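# sequence unknown, structure follows:
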C-alpha cells in the first residue's frame, strides 16, 4: 500500500478494478468511497407518542452505527468517505441544525433510553468533527497542512456557521479540545479569517432585525433603505402577537448564546468583532431593546404562565450572555495586552477608557455590566499598570457608574462595594497585583444572582440567572443542570470506564464541575486527600424519593365533589368560567326548580287536624299528641276572680249609669243629680276655658315675639333705622331733605346689586385715561 511517512495527499494505492485487473489510484479518490447512506438526524417532537419514540430510537440507532463505523475506518478510507460522501455531510449538518441546545435539554423526555441514545449520537458527531479537524493522526497517517486547509475549505467541511454551532453544542466540557480544533482550522486555512470578517456584519444584522420587529431604532444602525411615508407602522413588543414575541426572545437567546460560546472558546475572533464596532452596537442594542422586551413580558397576560416564566428566563439568560460577550471582547482586545505588558500599553489603556466612557450614556447596560464585572477593578488594574493615568478621568468614570446605578433605581451589591473599596485602597497604596485584579474582575459567582420573584422584587437584565444551583444526585449543591451533569459523567467515563459514578460525582463536586481538571488530576494521581480515601468503584448514591406531599395534605375541602386529588372523575357540568353558557337572565328567572324541591316540605303543613278521637286503650302519645297546650291561659286558675261579685242589677243600684266625659257635648252640660250641693254648681268652670290647646294661635305668638324683640332692643339701646323714602312728593311740589338724602344714598349704593360695581369700575378706567372722556 502506501509508503511510510508520506502524506495522504501524495500517496498512491493499487487496487483491483471492475474487471479484476489491478490499477493504481490516488489515496484520495471518489471510487474508494464506500457505498453507504447516512440518514439525516430528526429530533424527537414534544409530546411524542410511544410509536414516535420507537421510531426516533430506531432512526438514531442507524446514525450511531454509521458514525461508529466511520470512526473505525483507516485514515485514507476515512478521508475518502468524508470528502466524497454527500450523505455524510447532510447527516452532520442536520444534527448541527436540529440538535437540542443547552437551554432545550429540559424539553427532552425523561425516558432513559431516549437520553442514552441522544448522548450516543452527540458523542459520535463530536468525535467525527474532531477527527475531520485533525490533519495529523500519527507519524504515518497525516495530510500536508496546506492540502488539508484546501480540502476542508473547498469541500465546505467546515464554515463559520458550522463552527458557531460546534461551539454552542459541544463547548461545555470540551472547551480545550474545541479550542485546539478551531485554532488548527484557522491556522491551516487563513481564509476563514476573511470569512469571519464577512460574517460579523451579518451578526450585527441580528440586532437590527430584532429592533425593526419591535418598532425600535438603535443608534449607529444603518437602515437598509429609507422608510416610505405610506409604510405601515411596525408593531411594538406590546402590540405584536404573543407567538411573535416569544419567537423574538428565542431568536435573541439563541444568537447571543452562540456568539458568546464562539468568542469564549476562540478568543482570537474577538479582534474581528472589535474591528467592526461590535461593542458600540451591542451596548446600544441592549439599552434600547432589553427594557422594552422586559416591559412587554411583565405587563402582557400570558395564558400559559409556565411559558411566560420560560421566556423570561431566556431573556435574562440573553442579557447575561450579552454582558459576558462585551467583557470577553474588552478583555482580549484591551485588558490582556495590558497584562502582557507589550509596547503599546498606553494605547490599549486609552482604548479601554474610551470604551468605558462611551458606555456612560447606556445606564442600564452599564449597571448590569458593573454588577458582573466591576469597572472599579479594571480601573484599579490600569492605575497599577500605568501610574501616570489621569485621575480626574478615572474619577469621572466611577461617578458615571454610580450615576448609572441611581438612574436605573437599583442598589449596588454590598459585596461589590467592599470589593471596590479594597481595590481602590490597593491602588492608592501602589500595591502590585494586576493579574489578581484582572482575575477577580473576570470572575462571576452565580450564587450571588437571584431569580425573579425572590427578595420581594423581580430582577431584570443580567441580574437574573438562568442556571440556579440545585441539588444533585449526591446531595450536594450542583452548579449545573441534570443533563449537563450526565454529559460530564459520560465524557469522563468514555476515557476512564473503570471508575464508578459515585466517585466521579465526588470529584466533580470537589473541582467545581470541571471535567478536564478531574481527568487531569486522576491521570496524574493528584487528587485531593479526601478523594483518595474514597472507593474508586463507588456507585452513584440512590436518589432518595421525596414523599408525596398530597398524601399528607389536610384541607377542609378534602373528599368534596371537586377534590381531584382523590377522585378520578369530576362532574364538569357544574364547573364553568364566568357566566354559564347557554343560560340567559330570563331563563334563570323562569327556572322554578327550587320551588318544586320545596313543595314536598310544605305539603306536610296543608292538613290541619283540630280534634283527634282517641280510641279506648290508646294514649295521646301514640298519635304524636301531648297533653300540654301552649295556647291555654292559666292566669286565673288559682284566683277565682268575680266569684263573689254581686249580680248586674245590684251593681247598677250602687253606681248609676253615667255618660263618659269625652262623649258629653260642651254646650249642653249634663244635669247634676238632685242630691248634690248648690255650691258646687255655682263654682263650676266652663269646659272650654282650661282646655289644653295643642296648636296655639299664630297671631298671639307673633305678638309675644314682637314684645320680646322690643324689650331686647330697648335694653341694648338699639335705635331702629329710619325707612327710606325715595318716591317723595309729586313733581313740582318740591322734595324734603330726607327724600333727597335717600335718593343720593340709593344712587351711591346700587352697585352692590346686579350691576357688579360697574359704575365704580367705569369711573376708575376714566380716571386712568383708558376711556376717552
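Yes, it's here. Just so we're clear, the structure is a prediction, and the values are computed from it rather than from any experiment. Residues are numbered from 1 along each chain as shown.

# Determine the number of other residues adjacent to residue 241.
9 (other CB atoms under 10 Å). (Each C-beta comes from the backbone N, C-alpha and C, glycine too.)

# Which pLDDT value belongs to it?
Looking at residue 241, its pLDDT is 89.

# Repeat that for residue 157.
For residue 157, the predicted pLDDT is 92.

# show me where the protein has strands.
12-16, 22-26, 470-471, 477-478 (DSSP state E).

# Comparing these, which comes out most buried?
strand 477-478 (a mean of 15; mean count of other CB atoms under 10 Å).

# mind giving me JSON lines with the strands of the chain and columns for mean pLDDT?
Below are the strands of the chain laid out as JSON lines (pLDDT from 0 to 100):
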{"stretch": "strand 12-16", "mean pLDDT": "85"}
{"stretch": "strand 22-26", "mean pLDDT": "86"}
{"stretch": "strand 470-471", "mean pLDDT": "41"}
{"stretch": "strand 477-478", "mean pLDDT": "50"}
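
# Let me know which of the ones you listed is the nearest to residue 141.
Of all the strands of the chain, the one in closest proximity to residue 141, counting by CB to CB, is strand 12-16 (13.8 Å).

# So which elements touch that closest one?
strand 22-26 (3 or more CB pairs under 8 Å, 6 or more residues apart in numbering; DSSP states H and E).

# about what we covered before: show me the one of the strands of the chain that comes nearest residue 240.
Taking CB to CB, strand 470-471 is the member of those nearest to residue 240, at 34.0 Å.

# can you tell which of the strands of the chain is closest to residue 46?
strand 470-471 (22.8 Å).

# Kindly reformat the strands of the chain as CSV containing distance to residue 615.
Shown next, in CSV, are the strands of the chain (distance: least, CB to CB, whole Å):
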stretch, distance to residue 615
strand 12-16, 127
strand 22-26, 129
strand 470-471, 84
strand 477-478, 90
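
# And these: which comes nearest residue 487?
Nearest of the strands of the chain (CB to CB): strand 477-478, 13.0 Å.

# tally of neighbours for residue 408?
16.

# what bridges to residue 22?
Taking DSSP bridges as the rule, residue 22 bridges to residue 16.

# worst-scoring helix or strand of the chain, pLDDT-wise?
helix 434-442 (a mean of 33; mean pLDDT, DSSP states H and E).

# Relative to residue 76, which of the strands of the chain is closest?
Going by CB to CB, the one of the strands of the chain nearest residue 76 is strand 12-16, 7.3 Å.

# who's in contact with that closest one?
Contacts with strand 12-16, where a contact means CB atoms under 8 Å, 6 or more residues apart in numbering, come from 1, 2, 22, 23, 24, 25, 26, 27, 32, 76.

# do you know which of the strands of the chain lies nearest residue 216?
Once these are compared by CB to CB, strand 470-471 is nearest, at 35.9 Å.

# in stretch 308-319, what counts as buried?
308, 310, 311, 312, 313, 314, 315, 316, 317, 318, 319 (16 or more other CB atoms under 10 Å).

# out of these, what pair is the most spread apart?
308 and 319 (16.7 Å).

# quick one: residue 279 and residue 332 touch, right?
No - contact criterion CB atoms under 8 Å: residue 279 and residue 332 do not qualify, at 11.9 Å.

# if we compare the strands of the chain, which one ends up closest to residue 172?
strand 477-478 (13.9 Å).

# Next up, the contacts around residue 251.
Taking CB under 8 Å, 6+ apart, one finds 206, 210 in contact with residue 251.

# Relative to residue 94, how far out is it?
20 Å (CB to CB, to the nearest Å).
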